[in-house]
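Colleague: need a structure here:
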Amino acid sequence: MTGDIRGLRIGILRHLYEEDLTVAPEVHAALEEAYAVFRSLGATLEPARIRSAADYYAVKITIAESEQYAIHEEELRTGRPSSAPISSAGPCPPSSTTAPITCRRSASGG
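Modeller: I've put the predicted structure just below:
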């Protein structure tokens, strides 16, 4: 893109936030302001529709649960923590309750 949006057609998925989900009035107002900016820059805004948000949420859950199972399969099957490292970030800080997600505690706690 060159920054010039004159003549660009933009589809507005208004139904996602007016019918499928409720958004705060401030969010709705901010979207309308953004649409006005696009129009003032020469874009054409047109209503568009896609499937309902619930359809996409169901797909997201299916994918996320499959990935979570794949990551934690060993622990779920054996009841023991996985021996595979999450990353090469190294061990967790000793007795930290706010350890970063990039570490994995061993059975001995470190």
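Colleague: Give me the secondary structure label for L45.
Modeller: Secondary structure state of L45, per DSSP: H, G, I helix; E, B strand; the rest coil, is strand.
Colleague: Need the per-residue pLDDT for it.
Modeller: Note for L45: predicted pLDDT of 98.
Colleague: What of the one 3 residues further on?
Modeller: A48 carries a pLDDT score of 97 in this model.
Colleague: That one touches R9, doesn't it?
Modeller: No - using Cβ atoms under 8 Å, A48 is not in contact with R9, being 9.5 Å away. Where you see a C-beta, it was placed from the backbone N, CA and C, and this is true even at glycine.
Colleague: chain center to the helix or strand of the chain with the lowest mean pLDDT, what's the gap?
Modeller: Least confident helix or strand of the chain, by mean pLDDT, DSSP states H and E, is helix 53-78 with a mean of 89. Distance of helix 53-78 from its chain centroid, counting by Cα atoms, centre = their mean, to the nearest Å, is 14 Å.
Colleague: what do you get for stretch 51-68?
Modeller: Offset of stretch 51-68 from its chain centre (Cα atoms, centre = their mean): 11 Å.
Colleague: Now do the contacts for L13.
Modeller: L13 sits next to 48-50 when contact means Cβ atoms under 8 Å, 6 or more residues apart in numbering.
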